[in-house]
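Asker: here is my input; please provide its structure:
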Amino acid sequence: MLLEVKNLSVAFENDEGDLHTAAESVSFELDRGETLCLVGESGSGKSTVAMSIPRLLPSPPSHVTGGEIWLDGQELVKMPVKELRHIRGAKIGVVFQDPMDALSPLHNVGDQLMETVLLHRDISKAAARAMALEWLEKVGIPQPELRLKALPHELSGGMRQRVMIAMALMLEPDLLIADEPTTALDVTVQAQVLRLMKRLCSNKNGVLFITHDMGVVSQMATRLCVMKNGRIVEKSTDPAAFFKSPVHPYSKELLAAAS
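Answerer: Numbering: from 1, shown residues only. Modelled structure (predicted):
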C-alpha cells in the first residue's frame, strides 16, 4: 500500500492555548494507480487531513494529536523535518487550490520550475531548464518558451493551475495531493485540467483529490471517503455503487444537492 493514514487526529490551538479538533480518528488507504477523493463541505476537515500528510500546516497552531501516516513504508508524523524536506516534492507533490498563493509573485515561471528540480536532482541549470520547458509543453501551455519568462500574474488562472500541475508532477512523485485544484476555474477550463491530471497521472503514483464537487468525484475517483465534522462517515471502493446507493444520510444530502 502506498499511503496509509491510521487514526489521524489534528487540532488547532487558539490564542488562549485551547485545542479545537479539526480531524478525528481519520483512517484510509491509497495504492498506486488509484485516485481517492476525499469529499465534504467546507470545514469538514478534508484539507486539514490532506495538508497534514506532508506536514504543510504551520505548527503551532496545528497539532497532530494522534495517529500515524505511512508513505511507502515510512512514517511521516514523527519524521525529522530535515528528512521530510527530501520527501516533499520528490515523493509528495501538491497542487493547491489557488496557485497565486503557492507561486512566488516575484519570480518567473521558469525559475520556479527549475528551482523545484534543482532542489531534488543533481543536474545542471541547463538540464533543469530543459525539464521545465518539457513540462510546460506536457501540460499544454502555448508558447512555452515565452511562458518560462512570465510572472504568475501574467498568466490566466487556468495557465497558473497548469504550471502548478507541472511543478507537482515533474519529479514524478509517488503521491500527488490535489487540494480543490479546479474550484477557482470556470467550467470549461476545469474540464480541461481534470482531463490533463488523469492523463499525466499513471499507475506509478497515487492521487489524493480533495473536493466538495460530486461531479468531480464521479470523473476522478476510484475510491472515495466522505467527511463531515472532522470524521469520515462513509467509504467506498466502488464509486459507481456509491452514486447509485449511498449509505450515510450526509452522503445522500451531498448527492441530492449536486443533482
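Asker: secondary structure class for the residue nearest to Asn7 when sequence neighbours are not counted?
Answerer: Once flanking residues are discounted, Asn7 sits nearest to Gly67: 4.2 Å by Cβ to Cβ, 6 or more residues apart in numbering. C-betas here are computed from N, CA, C, even on glycine. Recorded secondary structure, Gly67: strand (DSSP: H, G, I helix; E, B strand; the rest coil).
Asker: all helices of the stretch 1-150 of the chain, in order?
Answerer: With DSSP state H, counting those that start in this stretch as the criterion, the stretch 1-150 of the chain has helices at 46-52, 81-87, 99-102, 109-120, 125-138, 144-148.
Asker: buried ones in the fourth one?
Answerer: Right, helix 109-120. Under the neighbour-count criterion of 16 or more other Cβ atoms under 10 Å, helix 109-120 has 109-114, 116-117, 120 buried.
Asker: pull that helix out as PDB, backbone CA atoms only.
Answerer: Output in PDB follows, covering the C-alpha atoms of helix 109-120 (Å, rounded to 0.1, in the frame of the first residue of the first chain):
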ATOM      1  CA  VAL A 109       7.600  30.600 -14.000                       C
ATOM      2  CA  GLY A 110      10.800  29.100 -15.400                       C
ATOM      3  CA  ASP A 111      12.900  30.000 -12.400                       C
ATOM      4  CA  GLN A 112      10.300  28.400 -10.000                       C
ATOM      5  CA  LEU A 113      10.000  25.200 -12.100                       C
ATOM      6  CA  MET A 114      13.800  25.000 -12.300                       C
ATOM      7  CA  GLU A 115      14.200  25.500  -8.500                       C
ATOM      8  CA  THR A 116      11.900  22.600  -7.900                       C
ATOM      9  CA  VAL A 117      14.200  20.300  -9.900                       C
ATOM     10  CA  LEU A 118      17.500  21.700  -8.600                       C
ATOM     11  CA  LEU A 119      16.500  21.200  -5.000                       C
ATOM     12  CA  HIS A 120      16.000  17.400  -5.500                       C
END
